[in-house]
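J.: prediction below, plus the sequence it came from.
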Amino acid sequence: MKASISPEGILLRIERLRQDKEQKEVCTGICAVSTLSKIETGRQNADPAMLKKLYEQLGIHYTSNETVLARLREQIEQFFEQCIYQHKLTALDALAQEDKLLRHSPLAADWLIIRALTETGEEDPFPILRQCQDYLDRRQKGWYLLALSYSDFPASVENAREADRLLQNSFSRTALLHALYTAGEYRQVLAEAEQAASLALLEGNLWTLAESYQMRGTIYACFNMEDMMLTEYKRAAHLLSETRWQKDLRMIFYNIGATYLGIDRFQEAEVYLDKASGGSAGGGTGNSPSDAGNAPGNGSDSSSDAGDTSGPARYFLWHKLALLYHRTGRSSQAGKALAQMKGLVHNDKERNTAEIRESILELTALELSGQADSDLYLTRLEALMEVFFQRHMFGYMMFYHNHLRQLYTRRRLYRKAYLLEQRFSDIQRNSSL
C-alpha cells in the first residue's frame, strides 16, 4: 500500500471513476491535471476553494457534519463486527438507508467495500476498488481483498492469504480455508483450520470455531474417511445445535448424507438428507426442502452449494434426493425430485457451475430412465469427471467415484478402473491425507 490519502482525495477518485471521467474532464478551468492527480493520490492537499469546485464538477454534495459522520462510523464498525461473528447484518440495513450520504462522505471507500462484500447496489464496485486499492488503509484493503477472494478464482488463495495477513481475525482465516479448499490445497486447509480454531477461541467466535471443524470434516468427506469426517462434523454440529445458524447445521447434515449416498449406504444417507431437507427425505413426499444454509460453506461434492436451499444449493439437495429415491425403488418421488432439479438448473448467481449443473441433470435423468449402463451415460460421466478434475473439485469426483468404478467393472473395463483408482490415490497422496 502507498501512503494513505485524505478521505477527500479518495472520494474524488471514487466519484470520478464511478462517472467514468478522465481527470482532464473534471479539473478543466479549476486546476492542472497534475494537481488533481496529486490530490487523488495523497501527494498534495487541496485548497478548500479548489476542492469545492471539484466537488461541484462531479455533483458531490459533501457530508462533513461530524455528528452524522460519527453515527455512520459507528454503524460501519458494527457491520464489520457482525460480519466477523456472523450475526444478522442489521447495520447494513441502516447504512443502506444512508446510501447518498455515504457516497459523498469521507466514508465513501468503506461504503464501497461493504457493497462489494454484500453484493448490494446496482453497480459493480470492484472495477472502482481495483483502481483505488493502492490508496486504501490496511483494514480497507484487507476487506476488499477478502471480498475479491470470493469471486476472483485464479487469484483466490493469494487474495485470501493477503486479506488474512492484513485483518488477522478468525473470519479472514475461514475465508482463506475456503479459497484453499477451492484450489484443492487440502493439506493446507487442515493446517490452517487448526490456527483458525485457535483464533476463534481467542475471539470467542463460535461461528468460526464451528466453521474450522466443518472445513476439516469436509476434507475427510471428500475422501470418504468416515470416522474422521464424523468426528469433525459432530464437533461443529454440537456448537451449532442451539444457535441461529441452523442453515449451517443442515449443510453439515447434507454433506454427511451425500457422502453416504456416494458409497451406496442408503439408510444412513436418508437419515442425514432428511435432516438437511427439513424432513422431506424421510417422508418421501417430494415437498420442497426447507432452508438449509447460506453461509460460505463446503459440501462433500460442492464448495458452496451443500446445505443452502436457495438457488444452486437447493438444486444439489434435490439431486441427492432424486438419486436416493431412485436407488431405493421410489420412482414417483424420484421423478418429482428430478422435476425440481429442472426448475432450478439455471441460477444467475452461480454461472461458474451452470454447465456442471446441466451435466448433472442429464446424468440424473439418464439414470432415472434406466440408462445408467448406456454408452451415453458413461461418456457423459467421464467428461464430467474430467471437468471436476481440472477444476480441483475432488469432492464432486468422490461422489461419482464408486458409481463409475462399478460401471467400469460391469463392462470389464479393468484398465480404466485401475486408472481411476490411481488418480484418486495420487490426489489423496498429494493432499497428504
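T.: Structure's in. What do you need?

J.: return the distance of Leu102 relative to Gly204.
T.: Distance of Leu102 to Gly204, computed by C-beta to C-beta, to the nearest Å: 30 Å. (Glycine included, C-beta is placed from N, CA and C.)

J.: and those two? which has more neighbours close in?
T.: Ranked by neighbour count (other C-beta atoms under 10 Å), Leu102 and Gly204 place Leu102 first, with 24 against 9.

J.: show me what contacts the residue nearest to the more buried one when sequence neighbours are not counted?
T.: Spatial nearest neighbour of Leu102, excluding adjacent residues (C-beta to C-beta, 6 or more residues apart in numbering): Trp111 at 3.9 Å. Contact analysis of Trp111 by C-beta atoms under 8 Å, 6 or more residues apart in numbering lists Ile76, Leu95, Asp99, Leu102, Arg103, Ser105.

J.: quick check on Trp111: phi, psi?
T.: Torsion angles at Trp111 (phi, psi; degrees, to the nearest 10) stand at phi -70, psi -40.

J.: break the chain into its domains for me.
T.: Split into domains by automatic domain parsing, the chain comes to 1-136, 244-430.

J.: just name the most buried of those domains.
T.: Burial of the domains of the chain is given as mean neighbour count (mean count of other C-beta atoms under 10 Å); domain 244-430 ranks first at a mean of 19.

J.: tell me where the model's unsure across the stretch 1-150 of the chain.
T.: 1-5 (pLDDT under 70).

J.: would you map the strands across it?
T.: With DSSP state E, counting those that start in this stretch as the criterion, the stretch 1-150 of the chain has no strands.

J.: can you show me the helices along the stretch 51-200 of the chain?
T.: Counting by DSSP state H, counting those that start in this stretch, the stretch 51-200 of the chain has helices at residues 66-85, 90-96, 99-103, 108-118, 126-130, 138-149, 156-167, 170-182, 186-203.

J.: would you reformat the ones you listed as JSON lines and include distance to Thr353?
T.: Formatted as JSON lines, the helices of the stretch 51-200 of the chain follow (distance: least, C-beta to C-beta, whole Å):
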{"stretch": "helix 66-85", "distance to Thr353": "25"}
{"stretch": "helix 90-96", "distance to Thr353": "26"}
{"stretch": "helix 99-103", "distance to Thr353": "31"}
{"stretch": "helix 108-118", "distance to Thr353": "21"}
{"stretch": "helix 126-130", "distance to Thr353": "20"}
{"stretch": "helix 138-149", "distance to Thr353": "18"}
{"stretch": "helix 156-167", "distance to Thr353": "15"}
{"stretch": "helix 170-182", "distance to Thr353": "12"}
{"stretch": "helix 186-203", "distance to Thr353": "20"}
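
J.: among those, which comes closest to Arg357?
T.: Closest to Arg357 of those, according to C-beta to C-beta: helix 170-182, at 17.1 Å.

J.: which secondary structure elements does the closest one sit against?
T.: helix 66-85, helix 138-149, helix 156-167, helix 186-203, helix 206-222 (3 or more C-beta pairs under 8 Å, 6 or more residues apart in numbering; DSSP states H and E).

J.: report the angle between the first one and helix 206-222.
T.: Think helix 66-85. For helix 66-85 against helix 206-222, the angle by axes from the mean of the first three to the mean of the last three C-alpha atoms, to 10 degrees is 30 degrees.

J.: and the contacts of helix 66-85?
T.: Applying C-beta under 8 Å, 6+ apart, the set of residues contacting helix 66-85 is 63, 87-92, 94-95, 98, 101-102, 105-107, 110-111, 114, 117, 139, 143, 169-171, 203, 205-208.

J.: mind saving the C-alpha coords of that helix as CSV?
T.: Output of helix 66-85 as CSV, limited to C-alpha atoms (Å, rounded to 0.1, in the frame of the first residue of the first chain):
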residue,chain,number,x,y,z
GLU,A,66,-19.3,15.4,12.5
THR,A,67,-22.4,14.2,14.4
VAL,A,68,-23.7,12.5,11.3
LEU,A,69,-20.3,11.0,10.4
ALA,A,70,-19.8,9.7,14.0
ARG,A,71,-23.0,7.8,13.7
LEU,A,72,-22.1,6.4,10.3
ARG,A,73,-18.7,5.3,11.5
GLU,A,74,-20.3,3.5,14.4
GLN,A,75,-22.6,1.7,12.1
ILE,A,76,-19.7,0.7,9.8
GLU,A,77,-17.8,-0.7,12.8
GLN,A,78,-21.0,-2.6,13.8
PHE,A,79,-21.2,-4.0,10.3
PHE,A,80,-17.7,-5.4,10.3
GLU,A,81,-18.1,-6.9,13.7
GLN,A,82,-21.4,-8.5,12.6
CYS,A,83,-19.5,-10.0,9.6
ILE,A,84,-16.7,-11.4,11.8
TYR,A,85,-19.1,-13.0,14.3
